[in-house]
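**Student:** What follows is a predicted structure for the sequence shown.
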Amino acid sequence: MSEHRIELTVNGRALQSTVEARMTLGDFLRTKVGQTGLHLACEHGVCGACTVIVDGLAVRSCLMFAVQADGSEVTTVEGVAEADGTLHPVQQAMRECHALQCGFCTPGVVMTLKSLTDAEPKPEAETMLKAMSGHICRCTGYQGIRKAIAKLADRAPVGESA
Amino acid sequence: MKPAPFDYVVPSSIEEALEQLDRAGGDATILAGGQTLMPLLALRMSSPSVIVDINRIAALKGISRTDEGMRIAPVTRQNEALASQPLATALPTFNRAISHVGHFQTRNRGTVGGSIALGEPAAELPATAVALGAEIEVHSKARGERRIPAEHLYVGPYATTVEPDELVTAIHFPDWPADAIVIFREVARRPGDFALVGLVGAIAVEGGRIAQAGLSWFGMGPTPMKAWQAESALFGENIADVDVDAIADLALSETEPFDDHSATADYRRSVGRRIFARTLREALDLRKAA
Amino acid sequence: MKMNGEQLVAAPRQRVWEALNDPEVLQQCIPGCQSLVKEADDRLSAVVAIKIGPIGAKFNGAVTLSELDPPNSYVISGEGQGGTAGFAKGGAKVSLADAGNGTLLTYTVDAEVGGRLAQVGGPIIDATAKRLAGVFFKRFGEIVAVPEAAASAPVAAPATGEAASPGAVASTVAPAGVAAAPAAYNFAAPAKVERAPAAFYWIVTIFLAALAGFLIGSDGADVPAWYSLSIGLAIAGLAVFSFESGRRAKPAA
């Protein structure tokens, strides 16, 4: 059986751990790093609830092994807001537009949208909407999320007033 | 833990990877993007004794131009390939097809080589490789390099002619004229679903006549189904005179669709026939108007 | 899942019958068979590892031979447990009939896959099972066939050419079953090679080629006789050529 020592950064914090090769990144982050914001639902890559950011890219943490994140920078929903609690624009937009109800799919959605707004200050609404095909939401009917996306596509870049 | 236990190795070079595959005697599985393999491992539909993770091999990444056309290294992430300008210019059909693969998030890990090596019958990339006449380059420790034309790669669902000790090291796409007509249509219930019926290809036109046609179905048989007869019938035709319906009938005759829980074979045939005719007609009309 | 087919085997019926009852031969023919041990005259225990792309399962099971009617027919059935992957069971009725100097082997298969593996999807299981059955009978035909001595013209039509021809021989479950599968299959001729006077086997080759050509030509396809005959010769030549290559490393299933 294969146990491996890994070193990675999670939400800005450097960590070392020893894991079995077959432990998924999702399970690792939840059980060994305590980041339970990431939710596991379908566990085969379809629902999007487990989405996290690894080295700048939104990925399914249920479809990666923890060992594969050795040397990587991982961000989960716990690492999105500022240290002083100021919400990230994605979180702010979702809050204002009622883009969540039970909150189960929400962390995944936040990570996808954050990865897009990180890559480009004002992503096209179309791009963000297409990325939403990778998330299943049981509660909202997606309209709140659509509004949040419209808001994010329209907003001025950070530093300018709305 | 959901997957069964396995040994996990991360070679840093192609040689190391080949050595691992050779040593494992057929009981190793290659891990690239993992977007298909991970669920299989979790369901224990796959229980290899060794997993060879090829994600850290630099030589297996990247897109480049060669004398023959475009070379895509297998561990190139699907989103990277989608964003590649040179690739979009050289192979607009490929670009169209890959935009339909999975979801934005799965394309951040999923690889071009992984999809092509898996051979899911309803997937876009294997059919694209078959339609455009790609060649898959593989290496093994025992036998060195060989190239497999895409039309000989797929022998059944998830079954390819790549040997257990072989590693895909490149996918070579031949050049098509920059203005070749792009053919792509996929029918699926939701974006990201496997296609119920799909069609992909390219048609090169010179002086108003069809100089080359490459067409393949997906979701219409146990493998991508190359529409050989339709291609032959199109060759040499004046684009103003093409009998689209006859060609569509010919192309349909080269399919073997399944009945499954998503759709019946009859549905696939009916829809396939229509999308073939419609896609071909629209594409030719667009070219004629140009 | 049900299917049937036919295979022309270049060997006399008695020899074919014996091979069908020989665990060593069967083990070489069953794709992925890691062991096949005779427990009794009509029972064997088997370990078979099937791999379809990344999907794989190891089955432990029993193979039973029943309705034995030597040297005409039997029913070979198997039942395997694949652990969490599921189970598989099936049977094939295999009948032999003389066909010139060879034997026509006819099979009717009825199989079922259950458990996790069945989730893969019925049609995919069907398509894979057909392919594996084809592999079995192709290997069987190669092992059992009485070999050709000569450095005969391997009219080994390159895989490119054959697979490229639309429709044609390769795609039908043709009666002259050594369906010219693309060389890309890479199947070995694991060899129980026997030597015999060259002339005799040349006669057999040409007869079989003509027979194959006739069978294909008369199979409703509207092709000229010379085309069928040359395909038949190509098939025979391929069989000869592959046999002459001797024992090569077996591919994993």
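**Tutor:** Perfect, I can see it now.
**Student:** which one's the longest helix in the chain?
**Tutor:** Because you didn't say which chain, this covers chain A. What stands out as the longest helix in chain A, according to DSSP state H, is helix A:106-119.
**Student:** that answer is for a different chain, and I need it for chain C
**Tutor:** Counting residues, the longest helix in chain C under DSSP H turns out to be helix C:122-144.
**Student:** counting contacts, what elements does that one pack onto?
**Tutor:** strand B:154-156, strand C:2-9, helix C:13-20, helix C:23-29, strand C:102-114, helix C:225-244 (3 or more CB pairs under 8 Å, 6 or more residues apart in numbering or on different chains; DSSP states H and E). Heads up, the C-betas are built off the backbone N, CA and C, glycines and all.
**Student:** what's the least confident stretch among these?
**Tutor:** Lowest mean pLDDT of the helices and strands packed on helix C:122-144: helix C:225-244, a mean of 56.
**Student:** for chain A, what are the nearby residues on chain B?
**Tutor:** B:1-8, B:10, B:34-35, B:38-39, B:41-43, B:51, B:53, B:55, B:79, B:103-106, B:108-109, B:190-192 (CB under 8 Å from any CB of the partner chain).
**Student:** Give me the buried entries from those.
**Tutor:** The neighbour count (16 or more other CB atoms under 10 Å in any protein chain shown) marks B:3, B:6, B:8, B:10, B:34-35, B:38-39, B:41-43, B:51, B:53, B:55, B:79, B:103-106, B:108-109, B:192 as buried among the residues of chain B next to chain A.
**Student:** Among the residues you listed, name the ones in helices.
**Tutor:** If you go by DSSP H, those have B:M38, B:P39, B:L41, B:A42, B:N79, B:F104, B:Q105, B:T106 in helices.
**Student:** nearest spatial neighbour of the second one, skipping sequence neighbours?
**Tutor:** Read that as B:P39. Nearest non-adjacent residue to B:P39, counting by CB to CB, 6 or more residues apart in numbering or on different chains: A:H44, 3.8 Å away.
**Student:** one step back: if you count contacts, what does the longest helix of chain A end up packed against?
**Tutor:** Checking 3+ CB pairs under 8 Å, 6+ apart, helix A:106-119 ends up next to strand A:51-54, strand A:57-60, helix A:89-96, helix A:125-131, helix A:143-154.
**Student:** buried sites along that helix?
**Tutor:** A:106-118.
**Student:** of all those residues, which two lie farthest apart?
**Tutor:** A:T106 and A:D118 (17.9 Å; CB to CB).
**Student:** Helix, strand or coil: sort out C:A97 for me.
**Tutor:** strand (DSSP: H, G, I helix; E, B strand; the rest coil).
**Student:** Hmm, it is touching C:W17, no?
**Tutor:** No: C:A97 is beyond contact range of C:W17, at 11.4 Å (criterion: CB atoms under 8 Å).
**Student:** Please name the residues that touch the residue most central in space within chain A.
**Tutor:** For chain A, the residue nearest the mean C-alpha position is A:M111 (2.3 Å; CA atoms, centre = their mean). Going by CB atoms under 8 Å, 6 or more residues apart in numbering or on different chains, A:M111 touches A:T51, A:V52, A:I53, A:A58, A:T75, A:T76, A:V77, A:V80.
**Student:** and those near chain B, which?
**Tutor:** Among those, the ones lying near chain B by CB under 8 Å from any CB are A:T51, A:A58.
**Student:** Put the buried members of the contacts of A:M111 into a PyMOL selection.
**Tutor:** Buried residues within the contacts of A:M111, by 16+ other CB under 10 Å, are selected in PyMOL with:
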select buried, chain A and resi 51+52+53+58+75+76+77+80
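**Student:** just to revisit the earlier point, any idea which helix or strand carries the residue nearest to B:P39?
**Tutor:** Of the helices and strands defined by DSSP states H and E, none includes A:H44.
**Student:** what's near enough to touch it?
**Tutor:** A:C62, A:L63, B:M38, B:P39, B:A42, B:L43.
**Student:** Of these, which is the nearest to chain C?
**Tutor:** Chain C has its nearest neighbour among these in B:L43, at 6.2 Å by CB to the nearest CB.
**Student:** out of the ones in helices among the buried ones among the residues of chain B next to chain A, which one sits closest to B:L21?
**Tutor:** B:L41 (17.7 Å).
**Student:** The closest one is in contact with A:M23, isn't it?
**Tutor:** No: between B:L41 and A:M23 there is no contact, the gap being 11.7 Å when judged by CB under 8 Å.
**Student:** burial measure for B:G201, as a count.
**Tutor:** Close neighbours of B:G201, defined as other CB atoms under 10 Å in any protein chain shown, add up to 30.
**Student:** Need the three-state assignment for the residue nearest to it when sequence neighbours are not counted.
**Tutor:** In space, and not counting its chain neighbours, B:G201 is closest to B:L215: 3.6 Å by CB to CB, 6+ apart. Three-state call for B:L215 (three-state DSSP): strand.
**Student:** Show me where the chain dips below the pLDDT cut-off.
**Tutor:** By default, I'm working from chain A. Residues of chain A that meet the criterion pLDDT under 70 lie in A:1, A:155-162.
**Student:** not quite, I wanted chain C
**Tutor:** Within chain C, the set of residues satisfying pLDDT under 70 comprises C:146-253.
**Student:** can you tell me the residue of it closest to chain A?
**Tutor:** C:Q119 (11.6 Å).
**Student:** Tell me which residues touch that residue, please.
**Tutor:** So C:Q119 contacts B:L43 (CB under 8 Å, 6+ apart).
**Student:** Now it. Its backbone dihedrals?
**Tutor:** Taking degrees, to the nearest 10, you get phi -70, psi -20 for the backbone angles of C:Q119.
**Student:** Tell me which stretches of chain B form helices.
**Tutor:** B:14-24, B:37-42, B:78-83, B:85-90, B:92-98, B:104-107, B:112-118, B:124-132, B:228-234, B:244-252, B:265-289.
**Student:** Take those helices and write them to a markdown table, including mean pLDDT.
**Tutor:** Output for the helices of chain B, formatted as a markdown table (pLDDT from 0 to 100):
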| stretch | mean pLDDT |
| --- | --- |
| helix B:14-24 | 96 |
| helix B:37-42 | 94 |
| helix B:78-83 | 98 |
| helix B:85-90 | 97 |
| helix B:92-98 | 98 |
| helix B:104-107 | 98 |
| helix B:112-118 | 98 |
| helix B:124-132 | 98 |
| helix B:228-234 | 97 |
| helix B:244-252 | 97 |
| helix B:265-289 | 96 |
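**Student:** Determine which stretch of these is the most buried.
**Tutor:** helix B:124-132 (a mean of 29; mean count of other CB atoms under 10 Å in any protein chain shown).
**Student:** wait, does it contact chain C?
**Tutor:** No: figure legend: helix B:124-132 not in contact with chain C (CB under 8 Å from any CB); closest approach 11.5 Å.
**Student:** tell me what that helix is packed against?
**Tutor:** Against helix B:124-132 (3+ CB pairs under 8 Å, 6+ apart) you get helix B:92-98, helix B:112-118, strand B:166-174, strand B:197-206, strand B:209-218.
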